[in-house]
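> any chance you can model this:
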Amino acid sequence: MEKRKFGKTDMEVSVLGFGGAEIGFNPQQTQEDVNQLLNSALDAGLNLIDTAAGYLKSEQMIGEAVGKRRKEFYLITKCGALDGFTRSDWSVKGILATIETSLRDLKTDYLDIAQLHSCDSEILKRGEAIEGLQRAQEKGYTRYIGYSGDNEDAKFAVEMDVFDSLQTSVSIADQTPIDGNIKLAAKKNIGVIAKRPIANAVWRHDSKPSESYHHEYWDRIQKLKFDFLTKSLEEATATALRFTLSIPGVLVAIVGTTKPQRWQENARFVAEGNLSNEEFQAIRERWREVGGDNWAGQT
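Numbers count the residues shown, from 1 in each chain. Reported below is the predicted structural model:
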């Protein structure tokens, strides 16, 4: 699998990373499937796993599945938001305690990147959360520090010049960051991680999904009506994922799944490489025609 130099770090990351949110929030998720999913992904060349303290059982399941293979992949987790986003702790003590718990659950003694999980600019200005990350770095808990978030809060974080990574939502249905925060981060040599890179694949639904989490992207896709979405589900998803990986500055796309076979499909998609410039620009132009930057990034 193609690998890309990750910003100012010494990391070379696979263009496809695994996102641990879905396995954490799925009450039917079995450890056996996570074992198969992650081990087959590592065997095929994926080398980045992303999770968070707020994703319920995700860290424990990942640690159990691939803790013994720790040297084969880069590991990212997020702190601040906790217990399925029902509470948060942005204090120095809270950040450190959360990371210590994450290390135990993930069965490792270090992270490659510890990120703040979508805190707003007011929390960033107070400084405690950042100090917590820096203390964790000093203690050897994490090699690098980053920020996960969107819109003006993400811009503020990038402009602080303290972070090594930015994780932000970007996809065919969420293009505002392309000429904004992603370009700004790339200029500062901050590694950019794309979250929700296929817009939750909302086009797989025949009608509006029941989960409100998907409604904004569903509504946008109904208006955008990209031509390629009339193709098979596999072809449409492949084009959407390849679009995100074609964005200048995006180094890795995080895709979550609960099904082992889905990983193999995604790996085949990215093996096709970036979209042609013609295909990429057609998607960009349609965005500008229909929605433009009035459609804010989704958190």
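> which non-adjacent residue is nearest Lys183?
Nearest residue to Lys183 in three dimensions, chain neighbours excluded: Gly249, at 6.2 Å (Cβ to Cβ, 6 or more residues apart in numbering). For the C-beta atoms, the positions are set from N, CA and C on the backbone; glycine is no exception.
> number of residues surrounding the one you found?
20 (other Cβ atoms under 10 Å).
> is it true that it touches Ala185?
Yes. Under the criterion of Cβ atoms under 8 Å, Gly249 makes contact with Ala185 at 6.5 Å.
> low pLDDT regions in this structure?
Along the chain, the model assigns pLDDT under 70 to residues 292-294, 297-299.
> what are the buried residues along stretch 244-253?
244-247, 249-253 (16 or more other Cβ atoms under 10 Å).
> and these, which is closest to Asp50?
Using Cβ to Cβ, Val252 comes nearest to Asp50 of these, at 8.7 Å.
> shouldn't that closest one be within a helix?
No. Under DSSP: H, G, I helix; E, B strand; the rest coil, Val252 falls outside any helix and is assigned strand.
> list the contacts for Lys57?
When contacts are counted by Cβ atoms under 8 Å, 6 or more residues apart in numbering, Lys57 is found next to 23-24, 29.
> by neighbours, which of these wins?
Ile23 (26 neighbours).
> quick one: the strands in the stretch 1-150 of the chain, in order.
Taking DSSP state E, counting those that start in this stretch as the test, the strands found in the stretch 1-150 of the chain are 3-5, 12-14, 16-19, 48-50, 74-79, 81-82, 87-88, 111-117, 142-148.
> was I right to think Thr98 contacts Leu82?
Yes. Thr98 is within contact range of Leu82, at 6.7 Å (criterion: Cβ under 8 Å).
> shared neighbours of those two, which are they?
With Cβ under 8 Å, 6+ apart, Thr98 and Leu82 have common neighbours 53, 89.
> neighbour-wise, which of the two wins?
Thr98 (27 against 18).
> ok, the more buried one to Ser91 distance?
According to Cβ to Cβ, to the nearest Å, Thr98 stands 10 Å off from Ser91.
> repeat that for Ser210.
For Ser210, the distance to Ser91 - Cβ to Cβ - is 37 Å.
> how about the helices in the stretch 151-299 of the chain?
151-159, 181-187, 215-224, 233-246, 260-271, 277-290 (DSSP state H, counting those that start in this stretch).
> can you list the ones you listed in a markdown table and add distance to Leu42?
Formatted as a markdown table, the helices of the stretch 151-299 of the chain follow (distance: least, Cβ to Cβ, whole Å):
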| stretch | distance to Leu42 |
| --- | --- |
| helix 151-159 | 30 |
| helix 181-187 | 27 |
| helix 215-224 | 30 |
| helix 233-246 | 20 |
| helix 260-271 | 10 |
| helix 277-290 | 30 |
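> thinking again about what came up before, now go through the contacts of Lys57 and say which are in helices.
23-24 (DSSP state H).
> as CSV, the contacts of Lys57 with distance to Leu106 would be great.
Formatted as CSV, the contacts of Lys57 follow (distance: Cβ to Cβ, whole Å):
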residue, distance to Leu106
Ile23, 13
Gly24, 12
Gln29, 17
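> closest to Asn274 among the contacts of Lys57?
Ile23 (28.5 Å).
> assess the claim that that closest one and Gln60 are in contact.
No. Between Ile23 and Gln60 there is no contact under Cβ under 8 Å: 10.2 Å.
> about what we covered before: distance-wise, check the residue nearest to Lys183 relative to Asn189.
Counting by Cβ to Cβ, the gap from Gly249 to Asn189 is 10 Å.
> so Val170 sits right up against Leu251, yeah?
No. Shown here, Val170 and Leu251 do not form a contact pair, counting by Cβ under 8 Å, at 11.9 Å.
> now for Gly249 and Ala185: what residues contact both?
Val192.
> how far away is the residue nearest to Ser148 when sequence neighbours are not counted from Gly24?
Closest residue to Ser148 apart from its sequence neighbours, by Cβ to Cβ, 6+ apart: Gln167 at 3.9 Å. In this structure, Gln167 and Gly24 are 16 Å apart, going by Cβ to Cβ.
> follow-up on the earlier one: JSON lines for the buried residues of stretch 244-253, including distance to Phe73?
Formatted as JSON lines, those follow (distance: Cβ to Cβ, whole Å):
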{"residue": "Thr244", "distance to Phe73": "21"}
{"residue": "Leu245", "distance to Phe73": "19"}
{"residue": "Ser246", "distance to Phe73": "24"}
{"residue": "Ile247", "distance to Phe73": "23"}
{"residue": "Gly249", "distance to Phe73": "23"}
{"residue": "Val250", "distance to Phe73": "19"}
{"residue": "Leu251", "distance to Phe73": "15"}
{"residue": "Val252", "distance to Phe73": "12"}
{"residue": "Ala253", "distance to Phe73": "16"}
